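Participant: build the 3D model from these lines:
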Amino acid sequence: MKYARTCTACGAGMNEGYVIEGANEHYCSDECLHKNVTPEDFAEFYIGNKDEDDDVGDIEIFWTEWEEEEELAA
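Facilitator: This next block holds a predicted model:
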């Protein structure tokens, strides 16, 4: 199977998961994410929860899927 990214916490291959922009980190699950990001930080930075008027800096955390063939590695 081909994987687009590798989980920063556990090293598993992943084709979907959390991305932390600005830190170049990827996490395959909530469990792996919370090894490095506290639930409080997640609530503050998760792109789906931020208010349009909030200035949370350069960091955004979001869930995504990689489906394009060119994004998948062997």
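Participant: distance of residue 44 relative to residue 19?
Facilitator: Note on residue 44: its distance to residue 19, by Cβ to Cβ, to the nearest Å, is 16 Å. Where C-beta positions appear, they are placed from N, C-alpha and C, glycine not excepted.
Participant: please enumerate the helices of the protein.
Facilitator: For the chain, helices defined by DSSP state H occupy the ranges 30-36, 39-45.
Participant: so where is the chain shaky, pLDDT-wise?
Facilitator: 46-59, 68-74 (pLDDT under 70).
Participant: one more time with 50, if that's ok
Facilitator: 48-49 (pLDDT under 50).
Participant: partner residues bridging residue 18?
Facilitator: For residue 18, the beta-bridge partners are residue 27, residue 63 (DSSP bridges).
Participant: run a quick neighbour tally on it.
Facilitator: By other Cβ atoms under 10 Å, the residues close to residue 18 number 22.
Participant: residue 26 is in contact with that one, correct?
Facilitator: Yes: under the contact definition of Cβ atoms under 8 Å, residue 18 touches residue 26, with a separation of 6.8 Å.
Participant: show me what contacts the residue lying closest to residue 7 once chain neighbours are set aside?
Facilitator: Nearest residue to residue 7 in three dimensions, chain neighbours excluded: residue 28, at 4.1 Å (Cβ to Cβ, 6 or more residues apart in numbering). By Cβ atoms under 8 Å, 6 or more residues apart in numbering, residue 28 lies in contact with 7, 9, 10, 12, 14, 17, 18.
Participant: what number of residues lie near the spatially closest residue to residue 10 that is not a sequence neighbour?
Facilitator: Distances taken as Cβ to Cβ, 6+ apart put residue 32 closest to residue 10, at 5.4 Å, once the chain neighbours are dropped. Using other Cβ under 10 Å, residue 32 has 21 neighbouring residues.
Participant: contacting residues for residue 32?
Facilitator: Contacts of residue 32 (Cβ under 8 Å, 6+ apart): 7, 8, 9, 10.
Participant: Throw these into CSV and include distance to residue 38, thanks.
Facilitator: CSV is the format used below for these (distance: Cβ to Cβ, whole Å):
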residue, distance to residue 38
7, 18
8, 15
9, 14
10, 18
